[in-house]
Structure formats: structure tokens, C-alpha cells
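Colleague: With the input below, show me the fold.
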Amino acid sequence: MSKLAEHIVSGYDEDLDSLTTNLSKMGSLAENMVDDAIRSVKKRDDDLAQSVIQRDTDMNNLQTIIDDDAMRVLALRHPMATDLRRTIGAIRIANDLERIGDLAEGIARRAISLNEIERIELAKGVTRMGKLVKIQLSRTLDAYLRNDVDGAIKVWLGDEDIDEMYNSIFRELLTYMMSDPRTISGCASLLFVAKNLERIGDHTTNISEVIYFTANGSPLIQDTRVAHVRDQRTG
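Modeller: Take a look at the predicted model:
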């Protein structure tokens, strides 16, 4: 191989590795924002909530960097096959992580409003849901870094647990509000927090689908393991 060819290949690999590195940074930021947003609800900590809100700018900046780098790779390197899916996947994952950051910011803002009223006992159920969502997010980001398709599938299948927990919290909070109208404002904020957590779970499964598609070139939903479970749920 000529020195020029070696330089081109080396530069191409560096571009792809840079995308992975920045996505890793963005993923870590998303994890920390979600974790701190949940803790700000649990601990009634305004300062922690404010720090989550402030970090959303960093999340947006990282998405811009990743988008720009990915577009440069597409324009200059003309990637094909796995490299093309990896580049497009980076854009998609960055978008999901940015939305996770927005949702964590929304939770933090609700935490501040919840701190102005008396603690609602059902908040414990919401924070337990947040812990599960955080675990799922950590697992899917780990699956991305290790290119672990089986791990991504497990996260995708685990989203039903989050949905079931959200539905349970929704029913409990609705009953609580009906029995004591004075709690409507606080319960509505908790419902907002729970809904944001459920949506973070959805974006986490989106990332799992990107991991699968990048590796296999086909939708995760077509995997026989996933299709079998889906049929059982809908049957």
C-alpha cells in the first residue's frame, strides 16, 4: 500500500473513531443528566436540578459536533456498507441522546416545582421507575460501545417493563388526585416526570435498534427472537 493510501485509510479510521468518541461523551452526559434529574426529584434538590438544566447546552453542542463530523465523513469518504450504517447510525443516536437530554431537563424543571409543595408519597414509585430507565440507558450505551447486538436486543425487550411501570404509576396518581383534589398540581407534575421517563425508555430502545441495524443491515424487529416475543405480546 502506498503512503498516500495508508494516510487516507488512517484518516478515515480516525474520522469514524472520532464519531464513536464523541457519542461516548454524549452518552455519558445523558446518563448523568438522567441520574441527577431523578435524584433531584428524590432528594428535593433545587441546585442539582438547576445543574441538569444548565448541562442541556453541552448536550446540544455535542450533537452539533457529531452531526457536522458525520456529514463530513459522508461528503469526503463516501462510506459504504457497515461504515455507511455506522455513520448514519451516529447521527440517529446523537438525535436520540439529545432528546433524552431534553427530557431530563424537563424532569429537573418539574423537580423544582415539586419542591415548592408538600412531598407526595407516590414520588417513590416514580424514582424507582427512574432507576430502571437509567439501568436500561446504561446497558444500551454499553452495548453500543462493545457492538453487543445481543445486549441491544435485551434492552429492547426490557422496554415493556418500563411501560408497565408507567401505566401503574398513572393509575395510582389518577386515583390519588380523585380522592384528594388538593394534590392535583403535585400529581400532575409527577405524571409529567413519569411520562418523560417512559419517553426516555423509548429513545433508549431506538438506540438499540440502531445498534442492531448497524451490525446486521436489517431492522431489529425482523430478528426471530424479537418477532417471537412481539407475537406473544400482541397475540
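Colleague: Tell me which other helices or strands the longest helix belonging to the chain touches.
Modeller: Ordering each helix of the chain by length in residues (DSSP state H) puts helix 3-43 first. Judged by 3 or more C-beta pairs under 8 Å, 6 or more residues apart in numbering; DSSP states H and E, helix 3-43 is in contact with helix 46-77, helix 81-114, helix 123-145, helix 184-216. Quick note: C-beta positions are derived from backbone N, CA and C, even for glycine.
Colleague: Just give the number of residues close to Ala123.
Modeller: 22 (other C-beta atoms under 10 Å).
Colleague: And the pLDDT for the closest residue to Gly130 other than its chain neighbours?
Modeller: The spatial neighbour of Gly130 that comes closest, neighbours along the chain excluded (C-beta to C-beta, 6 or more residues apart in numbering), is Ile38 at 3.5 Å. Reported pLDDT at Ile38 in the predicted model: 96.
Colleague: what's the angle between the longest helix of the chain and helix 81-114?
Modeller: 20 degrees (axes from the mean of the first three to the mean of the last three C-alpha atoms, to 10 degrees).
Colleague: now the angle from helix 3-43 to helix 123-145?
Modeller: Using the same axes, to 10 degrees, helix 3-43 lies at 170 degrees relative to helix 123-145.
Colleague: what's the angle from helix 3-43 to helix 184-216?
Modeller: 160 degrees.
Colleague: check contacts around the spatially most central residue of the chain.
Modeller: Closest residue to the average C-alpha location of the chain: Thr204 at 4.1 Å, with C-alpha atoms, centre = their mean. By C-beta atoms under 8 Å, 6 or more residues apart in numbering, the contact set of Thr204 is 96, 100, 133, 136-137, 140, 155, 159.
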